[in-house]
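A.B. asks: Provide a 3D model corresponding to the input given below.
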Amino acid sequence: MEPINSTTLSSSSRVDPEDCGVPCRVILIALYSVVLLGGTAGTIMAARMMLKRKSQSVVATIILNIIVLHSVLLLSLPFRLSYYVSAVWAFGFFTCRVVSSVIYGHMYFTFVFYVAIVIFRLLIYFQKLQMQRLQKYHAVVLSMVIWLVGSLIFLPLFFLQYGTHQGDSQEPRCFEFYKDLDRSELIAINYSVIAIMMTTVAALLVVEMAVIFQLVKALWPDMWAHQVYRAQIKSFFFLLVICVCFIPHHAFRIYFIQNYSKRDNSQLVLYNEICIALTAVCCLDMLCFVGGVIH
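C.D. replies: Presented below is the predicted three-dimensional model:
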């Protein structure tokens, strides 16, 4: 593997403007390294904690699904780091498509499970669900439905629509599927996904903040002693993770689609790659829980 040295830097400065150049690669290496180290530590500790508790709750089962998603993404990060260090993709085009699909699949499946936790707790708060009537198999069935429906939608869409552009560079490159965004059907799909995600998050944020405000008024100053308040704070934390990690990518994607061109777009490519890398930062959520940042 060729390290990033002065020779690599000078040669990278001569690549075409669509390449993720040296500043871009340095930022991505730093981001993915932090995610790999912190995410691995948090995921391992969270998995051990969950298995030790042997919780049968719906939320615990959903959390285990999120841990699985994080684990899959973390396994793919060494491939990305190798590519950004050497600036050459050495694992074949199919592997490139798989590794690229992992980060998007992780983002959307994690988003769905986050939303499922928030909605579940809101339904209990508004007494639309009775905790006593829920069994573990309900959560297992819900998880299976999410995986099945998500896979039937995501896998054909990604592998049949994205990644058809292999590029014409003499050196093998990867993660340049944004070049497919000149197709009208993909633009429509992107806009639809962006609208669904932002509308969902905005609606849940309004409801969640209203619930927390009511609880603060009713339970002040001992609200932290009440499980119902702590549960809603955890839900708000998941929404906050979505806003920090997922929303910037989708907000910038609108600008990217409207302004991307084949000429002089190196800055757009840089910002787009950083926004994609930011989605992986949600892997640190388990580290926050285990470390006591959010109780």
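A.B. asks: secondary structure class for residue 44?
C.D. replies: State at residue 44, reduced to three classes by DSSP: H, G, I helix; E, B strand; the rest coil: helix.
A.B. asks: kindly report the same for the one 5 residues further on.
C.D. replies: The assignment at residue 49 comes out as helix when based on three-state DSSP.
A.B. asks: pretty sure it sits against residue 290.
C.D. replies: Yes - with contact defined as Cβ atoms under 8 Å, residue 49 and residue 290 form a contacting pair (6.4 Å). In short, each C-beta sits where N, CA and C put it, glycine included.
A.B. asks: who has more neighbours, the two?
C.D. replies: For residue 49 and residue 290, the more surrounded residue by other Cβ atoms under 10 Å is residue 290, and the numbers stand at 17 against 14.
A.B. asks: which residues are in contact with the spatially closest residue to that one that is not a sequence neighbour?
C.D. replies: The spatially closest residue to residue 290, leaving aside those adjacent along the chain, is residue 45, at 4.4 Å (Cβ to Cβ, 6 or more residues apart in numbering). Taking Cβ atoms under 8 Å, 6 or more residues apart in numbering, we find residue 45 in contact with 286-287, 290.
A.B. asks: ok, the nearest residue to residue 175 once chain neighbours are set aside to residue 234 distance?
C.D. replies: Excluding the flanking residues, the one nearest residue 175 by Cβ to Cβ, 6+ apart is residue 100, at 5.6 Å. Distance of residue 100 to residue 234, computed by Cβ to Cβ, to the nearest Å: 31 Å.
A.B. asks: residue 213 too?
C.D. replies: Distance of residue 213 to residue 234, given as Cβ to Cβ: 16 Å.
A.B. asks: hmm, back to that, check what pLDDT the residue nearest to residue 290 gets.
C.D. replies: Note for residue 45: predicted pLDDT of 91.
A.B. asks: just to revisit the earlier point, just the ones of the contacts of residue 45 in helices?
C.D. replies: Judged by DSSP state H, helices contain the following of these: 286-287, 290.
A.B. asks: more neighbours: which of residue 213 and residue 234?
C.D. replies: Per other Cβ under 10 Å, whichever of residue 213 and residue 234 has more neighbours is residue 234, with 16 against 10.
A.B. asks: heading C-terminal from the strand or helix carrying that one, find the next helix or strand.
C.D. replies: Per DSSP states H and E: residue 234 is located in helix 227-241. Later in the chain than helix 227-241, the nearest helix or strand by DSSP H and E is helix 247-259.
A.B. asks: list the buried residues of that next one.
C.D. replies: Buried residues in helix 247-259, counted by 16 or more other Cβ atoms under 10 Å: 247-250, 252-253, 256-257.
A.B. asks: only C-alpha atoms, please: export stretch 182-200 in CSV.
C.D. replies: Extracted in CSV, the C-alpha atoms of stretch 182-200 (Å, rounded to 0.1, in the frame of the first residue of the first chain):
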residue,chain,number,x,y,z
ASP,A,182,-27.3,13.0,-14.4
ARG,A,183,-30.1,10.5,-14.9
SER,A,184,-33.6,11.8,-14.3
GLU,A,185,-35.0,8.7,-12.5
LEU,A,186,-32.1,8.8,-9.9
ILE,A,187,-32.7,12.5,-9.4
ALA,A,188,-36.4,11.9,-8.7
ILE,A,189,-35.5,9.0,-6.3
ASN,A,190,-33.0,11.2,-4.4
TYR,A,191,-35.5,14.1,-4.1
SER,A,192,-38.2,11.7,-2.8
VAL,A,193,-35.9,10.1,-0.2
ILE,A,194,-34.7,13.6,1.0
ALA,A,195,-38.3,14.8,1.3
ILE,A,196,-39.4,11.7,3.2
MET,A,197,-36.5,11.8,5.7
MET,A,198,-36.6,15.5,6.4
THR,A,199,-40.4,15.5,6.8
THR,A,200,-40.3,12.5,9.1
